[in-house]
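Visitor: One predicted model, sequence on top.
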Amino acid sequence: MGLFKRNKEKSTNDRHTIIEAQKPRTHILFIDDDTKFNTVKILKDSGWKNTKTVKDIKSIDLPIVQNADIVFVDINGVGKLLGLEYEGLDLAYMIKHKYPEKKVVIYSAKKNANSFHKAWDIIDSRIEKNALPIQFQNVADNYCLSKRRDL
């Protein structure tokens, strides 16, 4: 076995070990009025046990938001309890602005969602709602790997 192949296998094993060690400590929150969004179940089944979904929130100071490391925010149908004009975009902006250390990801089934909204400038990522579940999991994996470097 060549040195390159051994190093690549070691790197892959290290990556997996780090992610598996961080999974139980990583809290993921989905804010989505569609409580049957299947990606949440898939993440839980993949070992992300601290994954929760809420239909909407009435305050960004709620413990469920404060305790989340990663917050996925749907663009449509959330933020209504706060009376937000641009719903999920405003909500994502508010969360990221108040908690810059959190990973905030916007997702949507809509392709053209207010492309000039200020949320796009500060969020960490965006994903199409119908994206493969692995794309959502990659966000969590990369968060775990970045936190490991911070330790």
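Guide: That came through, no problem.

Visitor: just the strands in the protein please.
Guide: 28-31, 51-54, 70-74, 103-108, 125-128 (DSSP state E).

Visitor: export these to a markdown table and tack on mean neighbour count, distance to residue 147 and mean pLDDT?
Guide: Heads up, the C-betas are built off the backbone N, CA and C, glycines and all. As requested, the strands of the chain are exported to a markdown table (neighbours: other Cβ atoms under 10 Å; distance: least, Cβ to Cβ, whole Å; pLDDT from 0 to 100):
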| stretch | mean neighbour count | distance to residue 147 | mean pLDDT |
| --- | --- | --- | --- |
| strand 28-31 | 25 | 13 | 97 |
| strand 51-54 | 18 | 16 | 96 |
| strand 70-74 | 26 | 10 | 96 |
| strand 103-108 | 23 | 10 | 93 |
| strand 125-128 | 15 | 16 | 91 |
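
Visitor: Now tell me which helix or strand of the chain has the poorest mean pLDDT.
Guide: Using mean pLDDT, DSSP states H and E, helix 3-22 stands out as the lowest-scoring helix or strand of the chain, at a mean of 71.

Visitor: Ends of stretch 65-76, what's the gap?
Guide: This stretch, stretch 65-76, spans 18 Å end to end (Cα to Cα, to the nearest Å).

Visitor: My error: substitute stretch 109-127 in the last question.
Guide: 9 Å.

Visitor: Next, the buried residues of it.
Guide: 113, 117, 119, 123-125, 127 (16 or more other Cβ atoms under 10 Å).

Visitor: sorry, back to before: okay, the strands of the chain in JSON lines with distance to residue 96 next?
Guide: As requested, the strands of the chain are arranged in JSON lines below (distance: least, Cβ to Cβ, whole Å):
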{"stretch": "strand 28-31", "distance to residue 96": "13"}
{"stretch": "strand 51-54", "distance to residue 96": "17"}
{"stretch": "strand 70-74", "distance to residue 96": "8"}
{"stretch": "strand 103-108", "distance to residue 96": "4"}
{"stretch": "strand 125-128", "distance to residue 96": "11"}
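
Visitor: Kind regards, and thank you for your time.
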